[in-house]
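3D model of this:
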Amino acid sequence: MSPSAPGSHFDVKKIAIIGAGPSGLSAAKYLRAQDAFDSIVVYEQQEDIGGIWNCSNHLLGVTPNSESDNLGPLKGRIDRDSSSTSSPLYHELYANIPLPLMQFSDQPFPPGTVLFPSINVVRDYLLKYAKDVRDLIQFGVRVEKVTPLQEGGKTTWTLEARFINDNRIIRRYYDAVVVATGHYSQPLIPDLKNMTEFMETHPSIVSHSRDYRSPRPFKDKKTIVVGNGPSGTDIAFQINRISTAKIVLSVRTPTPPPRLAYVGCQEVSEIQELLVAERGVRFKDGRVEKDVDAIIFCTGYRYDYPFLSDLRTKLITTGHGVHGLYKHIFCIDHPTLAFSALNKKTAPWPLSEAQAAVFAAVWSNSIQLPSTEEMRRWANALYAEQGEQLHLFRTRTADGLYINDLYEWVKKSAHQGKDPPFWNDITYWYKATFPQVRLEYDLDGCKAIDLEELGFRYEPNWREK
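Residues are numbered from 1 along each chain as shown. Below is the predicted model of the structure:
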């Protein structure tokens with residue numbers, strides 16, 4: 001298929017999905033519902049579904065007081081180019097998106113579920129969600145290389161994978177590939193002055209939130225938490241709650257005062273350099289902390305897809321985004337390669353549904369992509385506006401507008417498959433209020449099951465207030 005002009009058609013019969021986390025599961029559901037493809041296979045390197053929510057190997061059934069607490073933090077030097085199959089979840093973590101925004105459009109959480117559910121509740125929810133596509137999944141298989149092969153005007157994908165238990169290699173051919181591996185495996189550590197020497201001299205000091213499991217190893221230690229996103233403030237709160245040493249929270253932008261008061265930490269500026277001899281840190285405002293016991297970087301993750309080695313240099317530059325995509329989904333050079341749920345500051349599960357509905361409809365020729373030139377113009381305009389942060393929604397309404405744009409596109413389809421989600425005014429209100437809802441939920445003891453319990457009530461004129 002040549003995508004250079006509108007009206008071109010795809011010949012997609014066999015599809016591979018890489019990853020059986022939430023976005024891989026929604027991709028499988030929407031592709032199957034389209035009823036237009038001969039074969040859909042989901043490759044998952046773990047032994048069960050869930051992606052990062054599949055934490056049974058290191059969290060489920062383990063108490064926060066057990067010795068396993070010490071296997072994550074303070075375990076030694078971080079290799080910033082390494083990846084991990086372990087989940088970045090930790091003890092006492094709960095979802096940071098309220099249920100009305102978090103859940104898939106066709107499956108509510110069970111009645112009585114709290115607004116921000118625990119790991120176990122989310123895990124059970126996903127197990128139920130996966131039931132009708134579980135037969136499509138091959139577990140314990142790591143995809144190692146995906147290569148495009150040009151045959152005339154069509155791209156065929158060679159997929160090479162390895163069975164983890166016995167190292168058997170398989171090679172399969174597909175007409176289209178969905179990358180649904182998430183972006184929570186490659187830690188992003190700032191390249192600070194003296195970082196390499198500091199880590200070599202003090203190999204147990206620096207860690208990343210990916211390796212955090214429990215506050216116990218940090219009890220009464222002089223700890224600096226870097227970053228005030230959801231994981232940064234949550235981890236700082238957990239440690240501060242049990243430690244007599246007040247946690248220092250290093251931030252780029254100030255934490256909202258009510259949240260900072262709840263976390264109970266001392267907030268300081270960004271780190272300027274690490275001080276090797278002093279086992280310390282100099283901050284950008286000139287402040288120095290010496291004899292530091294731990295530095296936990298809650299600084300996010302890099303995008304990286306080592307199995308796309310032939311395309312990697314074009315797609316990935318700094319690791320802050322994936323280049324050359326249309327609508328954050330389609331690889332413009334090879335539009336039978338699609339990515340799911342790359343965006344940040346959003347509700348990722350409904351977003352993945354909307355994107356899955358689009359690539360299912362496009363590959364079944366129910367709707368059409370624009371010309372290559374138009375797709376490149378869209379991607380270039382995005383880069384001009386966003387820079388390397390290509391997938392970051394900068395306003396509270398941006399993701400809703402995007403989801404509704406995809407909805408309208410899919411609804412033009414000649415053949416309706418599974419309906420994607422649509423944001424109404426109440427959904428936008430949920431998004432606008434949820435930072436305040438989360439704080440009130442915490443202050444109320446983490447037990448509320450709806451917003452009204454916390455004093456939040458939807459009113460049609462909420463935007464005017």
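
report the longest helix in this structure, please.
Longest helix in the chain by number of residues (criterion: DSSP state H): helix 425-443.

distance of the closest residue to residue 406 other than its chain neighbours from residue 205?
Excluding the flanking residues, the one nearest residue 406 by CB to CB, 6 or more residues apart in numbering is residue 354, at 4.2 Å. Yep, even glycine has a C-beta here, placed from its N, CA and C like the rest. Taking CB to CB, to the nearest Å as the measure, residue 354 falls 42 Å from residue 205.

Those two: which is more packed in?
Using other CB atoms under 10 Å as the criterion, residue 354 and residue 205 rank with residue 354 on top: 26 against 21.

you'd agree the more buried one is up against residue 423?
No - with contact defined as CB atoms under 8 Å, residue 354 does not reach residue 423; the gap is 9.6 Å.

which residues are common contacts for the two?
residue 403 (CB atoms under 8 Å, 6 or more residues apart in numbering).

tally of neighbours for the residue lying closest to residue 283 once chain neighbours are set aside?
The spatial neighbour of residue 283 that comes closest, neighbours along the chain excluded (CB to CB, 6+ apart), is residue 269 at 4.8 Å. Counted with other CB under 10 Å, the neighbours of residue 269 add up to 14.

Going along the chain, name the helices of the stretch 251-400 of the chain.
Ranges of helices in the stretch 251-400 of the chain, per DSSP state H, counting those that start in this stretch, are 257-263, 312-315, 348-363, 372-386, 398-410.

Okay, strands next: where are they in the stretch 151-300 of the chain?
154-163, 169-174, 176-179, 186-187, 206-208, 223-226, 248-250, 266-268, 271-275, 280-283, 288-289, 294-297 (DSSP state E, counting those that start in this stretch).

Kindly check the end-to-end length of stretch 294-312 for me.
34 Å (CA to CA, to the nearest Å).

Let me fix that, I meant to ask about stretch 139-157.
Note: stretch 139-157 ends 20 Å apart using CA to CA.

ok, now stretch 173-192?
OK, stretch 173-192 end separation, CA to CA: 43 Å.

got a list of what residue 305 touches?
179, 181, 312, 315, 316, 322.

Among the residues you listed, name the buried ones.
179, 181, 315, 316, 322 (16 or more other CB atoms under 10 Å).

Rebuild these as JSON lines, extending it with distance to residue 459 and pLDDT.
Shown next, in JSON lines, are the buried ones among the contacts of residue 305 (distance: CB to CB, whole Å; pLDDT from 0 to 100):
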{"residue": "179", "distance to residue 459": "41", "pLDDT": "98"}
{"residue": "181", "distance to residue 459": "41", "pLDDT": "94"}
{"residue": "315", "distance to residue 459": "44", "pLDDT": "93"}
{"residue": "316", "distance to residue 459": "45", "pLDDT": "91"}
{"residue": "322", "distance to residue 459": "39", "pLDDT": "96"}
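
okay if I get these as CSV plus distance to residue 398?
What follows is the buried ones among the contacts of residue 305, written out as CSV (distance: CB to CB, whole Å):
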residue, distance to residue 398
179, 22
181, 24
315, 23
316, 23
322, 18
